[in-house]
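Participant: how would this look folded up:
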Amino acid sequence: MARLLAAGITLAVAGTVAGDTGGDALERLRWSARVLLVLTPRLDDPRAIALREALARRACQARERDLVLMQIPAAGPASLESEPLPSQEATQIRDRFRHGDSPFQVLLLGKDGGVKQRENHVPDLDAMFALIDAMPMRRSEMRGRASACPG
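Facilitator: Below you'll find the predicted structure:
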């Protein structure tokens, strides 16, 4: 199951790079992945760096929750995981989800595409993972499945 999901996410990311016309990256990820959407002034913003480092340390837990990282800076290249996003698509996603005046925003999008959490700072990953684990779809995913992550 995990391999199938990883393959589905890889195809969605690859479709983004190839310019697939089947909707934007978020639409292609719907029902297969949760998205941590980071709207940041720059990719080298200390908050963006801190979040990437925290996620790297918790990569196993993020993978178990089908969580992928989408970064959209105000200037510079946007990405989904390590793949680039077309600039027009990134602008559309930024415009759709940006709220208020904060230049740094982190949104957790559920598999249904809805906003489940919005922060103007680096979120606490333990709290975010607990929020995900409380979601009905995630509870269903966890039934009968032990965690493969250490600790």
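Participant: Now name the helix or strand holding Pro150.
Facilitator: Following DSSP states H and E, there is no helix or strand that holds Pro150.
Participant: wait, doesn't it sit right on Cys60?
Facilitator: Yes. Pro150 lies in contact with Cys60 (CB atoms under 8 Å); the separation is 7.1 Å. Heads up, the C-betas are built off the backbone N, CA and C, glycines and all.
Participant: Would you mind telling me which of those two has the busier surroundings?
Facilitator: Neighbours were counted for Pro150 and for Cys60 using other CB atoms under 10 Å; Cys60 has more, 13 against 6.
Participant: roughly how far is the helix or strand encompassing that one from the heart of the chain?
Facilitator: Element membership of Cys60 [criterion: DSSP H and E] is helix 59-64. Relative to the chain's own centre, helix 59-64 is displaced by 12 Å; criterion: CA atoms, centre = their mean, to the nearest Å.
Participant: That helix: which residues count as buried?
Facilitator: For helix 59-64, the neighbour count (16 or more other CB atoms under 10 Å) marks 61-64 as buried.
Participant: Output that helix as CSV, nothing but the C-alphas.
Facilitator: Output in CSV follows, covering the C-alpha atoms of helix 59-64 (Å, rounded to 0.1, in the frame of the first residue of the first chain):
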residue,chain,number,x,y,z
ALA,A,59,10.4,12.3,7.3
CYS,A,60,9.2,8.8,8.3
GLN,A,61,6.3,10.3,10.3
ALA,A,62,5.4,12.6,7.4
ARG,A,63,5.5,9.8,4.9
GLU,A,64,3.3,7.6,7.1
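Participant: And for that helix, what's in contact with it?
Facilitator: Residues from elsewhere that reach helix 59-64 (CB atoms under 8 Å, 6 or more residues apart in numbering): 2, 6, 36, 55, 69, 125, 129, 147-150.
Participant: For Glu27, grab the count of nearby residues.
Facilitator: Glu27 has 11 neighbouring residues, counting by other CB under 10 Å.
Participant: what do you get for the one 5 residues further on?
Facilitator: By the criterion of other CB under 10 Å, Ser32 has 17 neighbours.
Participant: What segments of the chain are helices?
Facilitator: For the chain, the helices defined by DSSP state H cover 2-18, 25-29, 46-57, 59-64, 87-97, 125-133, 136-142.
Participant: May I see those helices arranged in CSV, with mean pLDDT and distance to Thr40 as well?
Facilitator: Formatted as CSV, these follow (pLDDT from 0 to 100; distance: least, CB to CB, whole Å):
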stretch, mean pLDDT, distance to Thr40
helix 2-18, 44, 19
helix 25-29, 95, 17
helix 46-57, 97, 4
helix 59-64, 97, 18
helix 87-97, 95, 10
helix 125-133, 97, 17
helix 136-142, 92, 26
